[in-house]
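Colleague: Model the structure of this input:
(one chain, ligands or ions: 1)
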Amino acid sequence: MKRLGILTSGGDCPGVNAVVRGAVLAGVRTGQYDFVGYLDGWSGVLSNNSVPLTLESVRGLSRLGGTILGTSRTNPITSGGAPAVIASMERDHVDGLIAVGGEGSLAAARILGESGIKVIGVPKTIDNDLSATDYTFGFDTAVQTATEAIDRLRTTGESHHRCMIAEVMGRNAGWIALHAGMAAGAHAILIPERRVSLEQAAAWVLSARNRGRAPLVVVAEAYVPAGQDAPYFPRGLDTFGRPRLGGIGYLLEEQLQELTGIECRATVLGHIQRGGAPTAFDRVLATRLGMAAVRAASKGEWGVMVSSRGTDITTVALAAAIGELHTVPEDRYLEAEMLFG
Ligand code: F6P
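Modeller: Predicted coordinates for the structure are as follows:
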């Protein structure tokens, strides 16, 4: 029987465990594969740190948040590259890898694939910013969590006649802000793709106040107001040298209060959006993606990413799956903007 190794890398995301379960059930029940799970992403592959994954060990996993395998942001390309990965796979008698990851992890998988390693990518990010797939699992859960939080901010804002500002995640794209903001009936949504001015945001806040509402603003962490140069990042750099985002909400609290004269309060939702149990939608999507990865392996379709297209799960070449990010198009923002103020 052949063996597949599964790893989960990059930021965690509700639904990762459901991918693992879907893959193991599909491979074991069809009698084609047994599985090992590498611990803590690529670092587990490079150090042969793995556990067997069996029908028993994946039981009940789809409803669990986080990843039972652990994750890290180790980059295999800069930590030994393809030769180190091949040596580890040989030691573990692993024929192919299923790499569940976001933009950075999929880019690494692509390079390894080009070096002859049998690898299949599964797209994962709450940000929903990967192209070549309609939705990434974890996004629906993050939107649900953010919407519930914003609904709560609304009631306290109404009681105190304040403007409430909710900052949500989205490193490159404003999808979480757009969807949670629309769902919660925000009076303004601020995203990096559409750099509206602070004066415009203040006008929406005042218009809501003038209609007797407690204004609600939803801002994506990467939003840059018109006229400013770079995202607000007072928190230094991460291990990839990228700015650690988070905190623009507090800046807006000061600035919108000054521009509108309305008392403002900001809440940064942060990693709350990544934690907890996945929604039913994300469980189903993630399970199907895990099963599809095993189907692709059994057909010898390596170097691909499994992808959701409409109601289908399909595959695309890893080379085509990375590169341009899936950001909020103008018409989607303009549609939401009609609801502001
Ligand atoms: O890419 C997913 C994401 O959750 C972003 O929305 C956020 O900016 C980033 O990861 C946070 O990363 P970390 O968990 O390393 O702080």
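
Colleague: Show the subsequent helix or strand relative to the lowest-mean-pLDDT helix or strand in the chain.
Modeller: Using mean pLDDT, DSSP states H and E, helix 318-321 stands out as the lowest-scoring helix or strand of the chain, at a mean of 90. Per DSSP states H and E, helix 318-321 leads on to helix 330-337 as the next helix or strand towards the C-terminus.

Colleague: Could you check the pLDDT of the residue in the stretch 1-150 of the chain that the ligand sits nearest to?
Modeller: Nearest residue of the stretch 1-150 of the chain to the ligand, counting by CB to the nearest ligand atom: G11, 4.1 Å away. C-betas here are computed from N, CA, C, even on glycine. Turning to G11, the model gives it a pLDDT of 91.

Colleague: ok, which residues in the stretch 151-300 of the chain are in contact with the ligand?
Modeller: 169-171, 221, 238, 244-245, 274 (CB under 6 Å from any ligand atom).

Colleague: Most neighbours among those, please name it.
Modeller: Within those, G170 tops the neighbour count with 30 neighbours, counted by other CB atoms under 10 Å.

Colleague: Need the three-state assignment for it.
Modeller: Secondary structure, DSSP: H, G, I helix; E, B strand; the rest coil: G170 is coil.

Colleague: That one contacts D129, doesn't it?
Modeller: Yes: using CB atoms under 8 Å, G170 is in contact with D129, at 7.4 Å.

Colleague: quick one: the helices in the stretch 1-150 of the chain?
Modeller: Applying DSSP state H, counting those that start in this stretch to the stretch 1-150 of the chain gives helices spanning 16-29, 42-46, 81-91, 103-114, 139-160.

Colleague: Name the residues of the last one that come out as buried.
Modeller: If I follow you right, that is helix 139-160. The neighbour-count check on helix 139-160 (16 or more other CB atoms under 10 Å) flags 139-147, 149-150, 153-154, 157 as buried.

Colleague: Is it possible to get JSON lines of those that adds pLDDT?
Modeller: Formatted as JSON lines, those follow (pLDDT from 0 to 100):
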{"residue": "F139", "pLDDT": "98"}
{"residue": "D140", "pLDDT": "98"}
{"residue": "T141", "pLDDT": "98"}
{"residue": "A142", "pLDDT": "98"}
{"residue": "V143", "pLDDT": "98"}
{"residue": "Q144", "pLDDT": "98"}
{"residue": "T145", "pLDDT": "98"}
{"residue": "A146", "pLDDT": "98"}
{"residue": "T147", "pLDDT": "98"}
{"residue": "A149", "pLDDT": "98"}
{"residue": "I150", "pLDDT": "98"}
{"residue": "L153", "pLDDT": "98"}
{"residue": "R154", "pLDDT": "98"}
{"residue": "G157", "pLDDT": "98"}
